[in-house]
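Novice: Quick one, structure for this:
(2 chains)
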Amino acid sequence: MTRMQQFELPSYLEQSDAVRDRFARLRQRPVVLEVKGLNKDFETSHGPVTALRDISFVTHKREFVCVIGPSGCGKSTLIRILAGLETPTSGQLLLDGRAVHGPGPDRGMVFQSYTLFPWLTVKKNVMFGLERAGRGRLAAEEEAMQWIELVGLSKFARSYPHQLSGGMKQRVAIARALANQPRILLMDEPFGALDAQTRAKMQSYLMEIWKNIDITVLFITHDLDEAIYLADRILVLKAHPGEVQELIEVPVPQPRSPEQLLSPEFLATRKRLEELIHPPQDDAALSEDHLNMVRMVAVDDEVESVF
Amino acid sequence: MTQTLQWFAPRRQLAPRPRLVLGIMSFVLPLLIWSLVSYVPWIWHPLVEVTEPGSVSYFKAGQRVERELFAAETAKALEAGAPQPQGTPANPVYLPAPHEVLQAFYLAFTAEPERRNEKWLHESLADSIYVIFWGFVISSIIGLPLGILCGTYDVFSRLAEPFVEFFRYLPAPAFGALAVAILGIYQAPKIAIIVIGTLFQQILVISNTTRKLDPALLEAAQTLGARRLSLLFRVVVPGIITDVYKDMRILLGWAWTYLIVAELIGTSSGITWFITQQARYKNFDNVFAAIMIIGIIGLSTDLLLAWLGRRIFPWQRAEARA
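Specialist: Residues are numbered from 1 along each chain as shown, chains lettered A, B, ... in the order given. Below is the predicted model of the structure:
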């Protein structure tokens, strides 16, 4: 933070002509998902808790939207409602203008926990949705192989999930969700359990896939860099209750590459996200965040300062 | 030193060789203890087997008497100048030596039974296996689907499980007389006892295993378009089948424990009846041989099923290792 402030950063609202032009075109595209006045209350033993309050936003065709927010902002609840795994208390959910209820193959989902079916090979996992859709075995197999090739796992088509690394499992999960050709791909912190290197690689894979396929993505993360790197727009939620704080148009030009992580637009956006998600706190709140530490050393110990 | 210390690191798997050696030792050690007690005269041997009664009127050759009594009688004979009784240290008749059991084991399959109306050991065994097999199959035909339904749908769980919880506390043997009254005196009531003993545990065990299925798998399947019956048959059943298979192996072991009660009702038959009979005639070598056969059958079916399981469910091979 302190170092960032030494540079003169542009405002995150400043967009180059190319970027502004792109967002103008993006807004012209048809709306895929429309969320209108979504509320979600939970009954707990301490009384009702509002997890989400009055969430409204739209995503356009082929847009990449990231949802970010502090823990407890209900971002997971939001995506689970979008997937149909939970029902909202009130509000509307429109996919291509039609209301949707319950889970369905039109909204593909990739979970943080690897949810591959352990009893099926990679190929059979990807075929699962195709077969549910009534595709014949041979057609499903052929189609599945194409998706597996897309995520670069042809060699592992006959492997079982337990034989794959975490990153490979998530690639299969992406292929499995995409094979149904959903209208929107919902991703709930899909790379959260991966190590930093694999995560960076997976982000590049995902960008690559997104570029090549007609797919709209809604991606949940708590990693600011990941959100900026991937997203066209970032939906920032705030906690208790979960509300939309801001919808940021990321000024970093597309197509993205890892070098942009240090570009002024990137850093400006990052600064803004930091402000929104970790707002400057007053002293009372701060003291709760710090551990009450005493130095636990013997009296006669010579302890050098770490600084 | 460090080598052996590593043997006692918690939850660390040993190298294949020591594992095999220890596995063999687990059988060899008890056998060794049994042999020591049987063949080393000064270990235990609380009795004396009389070989020559001498002047003691109530001693007979082959009779086993207390060591103190034998010593007292010997002293008395010595005092009176009468012929002393002769004897060798012996164990009680209920602990035959390994070689006697082995011999009985061999004879049980080769020699005609002593009494005409007695069955051969293998015939008794066949009766028992018949009862266990059908008891377990009938129990599973009901218990397996019901358990899976209870674990999957709350409706079935609420409808069935309270009663099952109640019924499983009723001792299966108590239904013996009832089973005979309804099903006659031959194999049917025995099978019924095995079913009653196994079924109710089975429903609860299977439904609990079903509940352990990761709910995220069901959610993932729903987002992929699976619904209703395909959720049950394409996700729940394959998702739990390896654990259910393990449960079934354990439950089969439980079914055996109800055998002894089952075989005492109606017309007695089977291996446990054979054991009871032989114990009555004090043929303890036969008793041990029969008990061991049950052990061998139990262990080998379990090993066979474990091996079969690894072949049927290839995806769990590494799971078990991990």
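Novice: Need the three-state assignment for the closest residue to A:Thr121 other than its chain neighbours.
Specialist: Nearest non-adjacent residue to A:Thr121, counting by C-beta to C-beta, 6 or more residues apart in numbering or on different chains: A:Arg158, 5.3 Å away. (Each C-beta comes from the backbone N, C-alpha and C, glycine too.) Assigned with DSSP: H, G, I helix; E, B strand; the rest coil, A:Arg158 falls in the coil class.
Novice: For A:Ser165, see how far away A:Arg158 is.
Specialist: Distance of A:Arg158 to A:Ser165, computed by C-beta to C-beta, to the nearest Å: 16 Å.
Novice: avg pLDDT for stretch B:281-300?
Specialist: Stretch B:281-300 shows a mean pLDDT of 88.
Novice: got the buried residues for it?
Specialist: B:283-290, B:293-294, B:297 (16 or more other C-beta atoms under 10 Å in any protein chain shown).
Novice: Among these, name the ones in helices.
Specialist: Among the buried residues of stretch B:281-300, the subset assigned to helices under DSSP state H consists of B:284-290, B:293-294, B:297.
Novice: was I right about A:Glu243 contacting A:Leu235?
Specialist: No - counting by C-beta atoms under 8 Å, A:Glu243 stays clear of A:Leu235, with 10.9 Å between them.
Novice: who's more crowded, those two?
Specialist: The residue with more neighbours, out of A:Glu243 and A:Leu235, is A:Leu235; 24 against 17, by other C-beta atoms under 10 Å in any protein chain shown.
Novice: residue contacts, that one?
Specialist: Residues near A:Leu235 by C-beta atoms under 8 Å, 6 or more residues apart in numbering or on different chains: A:57, A:65-68, A:244, A:247.
Novice: Of those residues, keep whichever come out buried.
Specialist: The buried subset of these (16+ other C-beta under 10 Å) comprises A:57, A:65-68, A:244.
Novice: Out of the residues you listed, which is nearest to A:Lys201?
Specialist: Sorting the buried ones among the contacts of A:Leu235 by distance to A:Lys201 puts A:Cys66 at the head of the list, at 18.3 Å, by C-beta to C-beta.
Novice: OK, contacts around that closest one?
Specialist: Residues near A:Cys66 by C-beta under 8 Å, 6+ apart: A:219-221, A:226-227, A:230-231, A:233-235.
Novice: Which secondary structure state does residue 191 sit in?
Specialist: Let's take chain A. Applying three-state DSSP: A:Phe191 is coil.
Novice: Name the nearest residue to it, sequence neighbours excluded.
Specialist: Closest to A:Phe191 by C-beta to C-beta, 6+ apart is A:Arg199, at 4.5 Å.
Novice: that's a helix at that neighbour, yeah?
Specialist: Yes - secondary structure of A:Arg199 (three-state DSSP): part of a helix.
Novice: Need the pLDDT of it.
Specialist: What the model reports for A:Arg199 is a pLDDT of 90.
Novice: same deal with A:Gly242?
Specialist: 82.
Novice: Ramachandran angles for it?
Specialist: Dihedral pair for A:Gly242: phi -70, psi 110, per degrees, to the nearest 10.
Novice: now the one 3 residues further on
Specialist: Phi and psi for A:Gln245, reported as degrees, to the nearest 10, are phi -100, psi -50.
Novice: circling back: let me know the closest of the buried residues of stretch B:281-300 to B:Tyr169.
Specialist: Set against B:Tyr169, the nearest of the buried residues of stretch B:281-300 by C-beta to C-beta is B:Ile294 (26.5 Å).
Novice: hmm, back to that, lowest-confidence member of the buried ones among the contacts of A:Leu235, which is it?
Specialist: In terms of pLDDT, A:Val244 ranks lowest among the buried ones among the contacts of A:Leu235, with 84.
Novice: isn't there a strand covering that one?
Specialist: Yes - A:Val244: assigned to a strand according to three-state DSSP.
Novice: Please identify the helix or strand for the residue nearest to it when sequence neighbours are not counted.
Specialist: Closest residue to A:Val244 apart from its sequence neighbours, by C-beta to C-beta, 6+ apart: A:Ile55 at 5.8 Å. For A:Ile55, the host element (DSSP states H and E) is strand A:47-60.
Novice: List the buried residues for the helix or strand hosting B:Ile142?
Specialist: Using DSSP H and E, B:Ile142 sits in helix B:121-152. If you call a residue buried by 16+ other C-beta under 10 Å, then helix B:121-152 has these buried ones: B:121, B:124-125, B:127-128, B:131-132, B:134-136, B:138-140, B:143-144, B:146-152.
Novice: Now do the same contact list for the residue lying closest to B:Val236 once chain neighbours are set aside.
Specialist: Spatial nearest neighbour of B:Val236, chain neighbours left out: B:Thr152 (5.3 Å); criterion: C-beta to C-beta, 6+ apart. Taking C-beta under 8 Å, 6+ apart, we find B:Thr152 in contact with B:210, B:232, B:236.
Novice: From the structure, what's the count of residues near the second one?
Specialist: Counted by other C-beta under 10 Å, the residues lying close to B:Leu232 total 15.
Novice: so is it in a helix, a strand, or just coil?
Specialist: Applying three-state DSSP: B:Leu232 is helix.
Novice: Then the first one?
Specialist: Under the three-state scheme (three-state DSSP), the conformation of B:Thr210 reads as helix.
Novice: That one touches B:Asp154, doesn't it?
Specialist: No - using C-beta under 8 Å, B:Thr210 is not in contact with B:Asp154; the gap is 11.9 Å.
Novice: Settle it for me: which of the two has more neighbours?
Specialist: The neighbour comparison of B:Thr210 against B:Asp154 (other C-beta under 10 Å) goes to B:Thr210, with 22 against 9.
Novice: now that one: how far from A:Gly84?
Specialist: 24 Å.
Novice: where does chain A dip in pLDDT?
Specialist: The model of chain A has pLDDT under 70 over residues A:1-7, A:280-293.
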